[in-house]
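*Asks:* structure for the following, please:
(one chain, ligands or ions: 2)
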Amino acid sequence: MTTRTKQLIAFFLLAIILIGFLVVIRQNNGNNAEESASEQIFAMDTVMDMTVYRTEGMIGDPQDVLDEMRERVYQMERELSVTIADSDVAKLNAASGEAVMVSEDAYDLIGKALEVAKDTDGAFDPTIYPIVKLWGFTTGEHRVPSGDEIRNELKRVGYSRINVGDKPGKVSLSEGTNIDLGACAKGYLSDALCEIIKRHKTSGIISLGGNVQSVGTKPDGTNFRVGIVDPENTDKIYETIENKNNAVVTSGNYERFFEKDGKRYHHIMDSATGKPADNGLASVTVVGPSGFICDAYATAFFVMGEDKAKEVLKNKPDYHAAFIYEDGHDSGFDGR
Ligand code: AMP
Ligand code: MG
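*Replies:* Ligands and ions are numbered 1, 2, ... in the order given. You can find the predicted model right below:
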């Protein structure tokens with residue numbers, strides 16, 4: 001046999017093996033598509049996992065639902081991301097006090113964010129952005145700023161500096177004010193994604209970083225289960241809770257932080273001090289029907305601490321929170 005013939009035989013053998021692989025992969029995908037469709041994407045600086053199940057009587061196909069959800073993710077990212085130059089948020093931050101016509105999502109979300117800022121006495125405050133920047137969390141060039149620098153930047157902070165016009169679409173920020181919706185945008189997005197799943201009369205679960213939200217049950221009728229990260233060892237699950245038609249959102253001091261002289265500085269800022277919130281908490285998990293509320297509350301409660309958070313929850317019977325402390329103890333996960 002000539003070398004040329006040997007090469008040809010080797011080539012055909014390889015081609016047959018490759019085609020075999022492709023057929024197997026295709027069949028597997030086909031089988032999965034019968035039961036569910038899943039996808040992982042990266043958007044809003046976060047790994048996002050979405051699964052839609054096939055249920056009896058659903059409208060359309062799990063893959064169609066997933067396609068619609070993916071489009072919604074990218075649309076909201078374009079509108080709400082503070083780092084995308086022509087997003088609504090970036091336009092507002094560059095407007096030097098002028099009113100800006102923003103998208104329906106941005107208008108709705110900024111209005112809702114303002115409500116939570118008022119309800120939490122500014123513990124949740126989207127105008128904290130200059131402080132987040134000062135500590136280097138927007139660039140990764142972390143540093144501990146001086147007291148003077150903090151005082152100076154705090155002059156630009158305060159939710160009353162956001163003006164949501166009566167006319168739908170119009171928003172303005174006072175001169176020098178910058179906003180960042182990073183503490184509530186993922187929750188708002190997960191509400192919108194769950195609406196898509198509901199509209200198609202089926203079930204599914206989405207996980208956007210620390211935000212999990214589900215619709216309905218698993219195909220076998222059992223409830224979804226959501227693991228809460230152990231703040232001490234983020235590869236481990238601290239507690240698992242059952243979840244049906246609720247969002248489960250965690251804010252933790254392990255998500256973004258740096259260490260200097262043995263001290264940890266994390267990314268959730270107290271607008272009263274201009275420093276990382278410091279009340280012994282390692283994470284706060286909020287469970288309830290709205291992903292937006294859970295997300296905004298988890299951030300706010302991290303700043304407020306357990307006692308004040310429980311005051312807020314008294315008027316919100318559908319929402320529960322669990323607090324894990326740096327010293328390892330917790331408030332319990334029984335939903336009280
Ligand atoms: P989360 O992970 O939802 O708690 O959001 C934290 C992110 O929101 C931070 O990385 C900041 O960009 C921003 N942020 C920090 N502190 C606050 C605060 N007190 N209120 C609103 N947003 C904040
Ligand atoms: Mg949040």
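*Asks:* what does this protein put close to ligand 2?
*Replies:* Proximity of the chain to ligand 2, by Cβ under 5 Å from the ion, involves residues 183, 295, 298-299. Where you see a C-beta, it was placed from the backbone N, CA and C, and this is true even at glycine.
*Asks:* and stretch 267-284, anywhere near ligand 1?
*Replies:* Yes: contact check for stretch 267-284 against ligand 1, using Cβ under 6 Å from any ligand atom: residues in range are 267-269, 271.
*Asks:* what ranges do the helices span in the stretch 1-150 of the chain?
*Replies:* Taking DSSP state H, counting those that start in this stretch to define them, one finds helices in the stretch 1-150 of the chain at 3-35, 62-80, 88-93, 104-119, 129-134, 147-154.
*Asks:* what is the least confident helix or strand in this protein?
*Replies:* The element with the least model confidence among the helices and strands of the chain, by mean pLDDT, DSSP states H and E, is helix 3-35, at a mean of 52.
*Asks:* can you tell me how far the residue nearest to Val89 when sequence neighbours are not counted sits from Thr217?
*Replies:* In space, Val89 comes closest to Val82 once its chain neighbours are excluded; the distance is 5.0 Å by Cβ to Cβ, 6 or more residues apart in numbering. Look at Val82 and Thr217: by Cβ to Cβ, to the nearest Å, they are 36 Å apart.
*Asks:* who's more crowded, those two?
*Replies:* A count of neighbours by other Cβ atoms under 10 Å puts Val82 above the other of Val82 and Thr217, at 21 against 17.
*Asks:* report the contact partners of that one.
*Replies:* Contacts of Val82 were listed using Cβ atoms under 8 Å, 6 or more residues apart in numbering, and they are 89-90, 93, 129, 138, 179-182.
*Asks:* could I get the pLDDT score of the closest residue to Tyr74 other than its chain neighbours?
*Replies:* For Tyr74, ignoring the flanking residues on the chain, the nearest one in space by Cβ to Cβ, 6+ apart is Ala43 at 6.4 Å. Ala43 is assigned a predicted lDDT (pLDDT) of 97.
*Asks:* what's the burial count for Ala43?
*Replies:* By other Cβ under 10 Å, 17 other residues sit near Ala43.
*Asks:* what's around Asp49, how many residues?
*Replies:* Neighbour count of Asp49, defined by other Cβ under 10 Å: 14.
*Asks:* quick check: Ile197 is in a strand.
*Replies:* No: if the criterion is DSSP: H, G, I helix; E, B strand; the rest coil, then Ile197 is helix and not within a strand.
*Asks:* number of nearby residues for the residue in the stretch 101-250 of the chain that ligand 1 sits nearest to?
*Replies:* Going by Cβ to the nearest ligand atom, ligand 1 is nearest to Ala183 of the stretch 101-250 of the chain, at 3.3 Å. For Ala183, the count of nearby residues is 26 (other Cβ under 10 Å).
*Asks:* which one is it nearest to, not counting chain neighbours?
*Replies:* Thr299 (4.0 Å).
*Asks:* again with Arg199
*Replies:* That would be Ile59: by Cβ to Cβ, 6+ apart, it lies 7.4 Å from Arg199.
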